[in-house]
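**Q** With the input below, show me the fold.
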Amino acid sequence: MEYSHEELQEKANQIREMVVKMLVNAGSGHAAGSLGSADFWAVLYFGGVIEFDSRDPWNDDRDRVVLSAGHYCPAQYAALSLAGFFPEEELLNLRRIG
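**A** The predicted structure is shown next:
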């Protein structure tokens, strides 16, 4: 499902809010990259750019996203959660072993 411009802006803002919650809960982390890339993640996952099915994440026909900038992980995790890959509560495990 593709979202309107306004809906994508809302998704980006949701990602930003989730990032702040994750980093505050973790007590550390880099905010700038994640907050600045929220629009990118919103368009990527909700703008019809990539093909995926969160109910079938190992489908061979899915697109893959490779992230090499670790400081952006919180934003990607937030987008994945919003896309239905895992519950939002799991985001509070950021920077926690186990």
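**Q** gap between Ala78 and Glu2?
**A** Separation of Ala78 from Glu2 (Cβ to Cβ, to the nearest Å): 19 Å. C-beta: built from backbone N, CA, C; applies to glycine.
**Q** Contact partners for the residue nearest the centre of the chain?
**A** Centroid check for the chain by Cα atoms, centre = their mean gives Ala79 as the closest residue, at 2.1 Å. By Cβ atoms under 8 Å, 6 or more residues apart in numbering, the contact set of Ala79 is Lys11, Ile15, Trp41, Ala42, Leu44, Tyr45, Phe46.
**Q** Which secondary structure state is assigned to the residue nearest to it when sequence neighbours are not counted?
**A** Leaving aside its sequence neighbours, Ala79 sits nearest to Trp41 (Cβ to Cβ, 6 or more residues apart in numbering; 3.9 Å). Under the three-state scheme (DSSP: H, G, I helix; E, B strand; the rest coil), Trp41 adopts helix.
**Q** Surely Trp41 touches Ser81?
**A** No: the criterion here is Cβ atoms under 8 Å, and Trp41 misses it with Ser81 at 10.9 Å.
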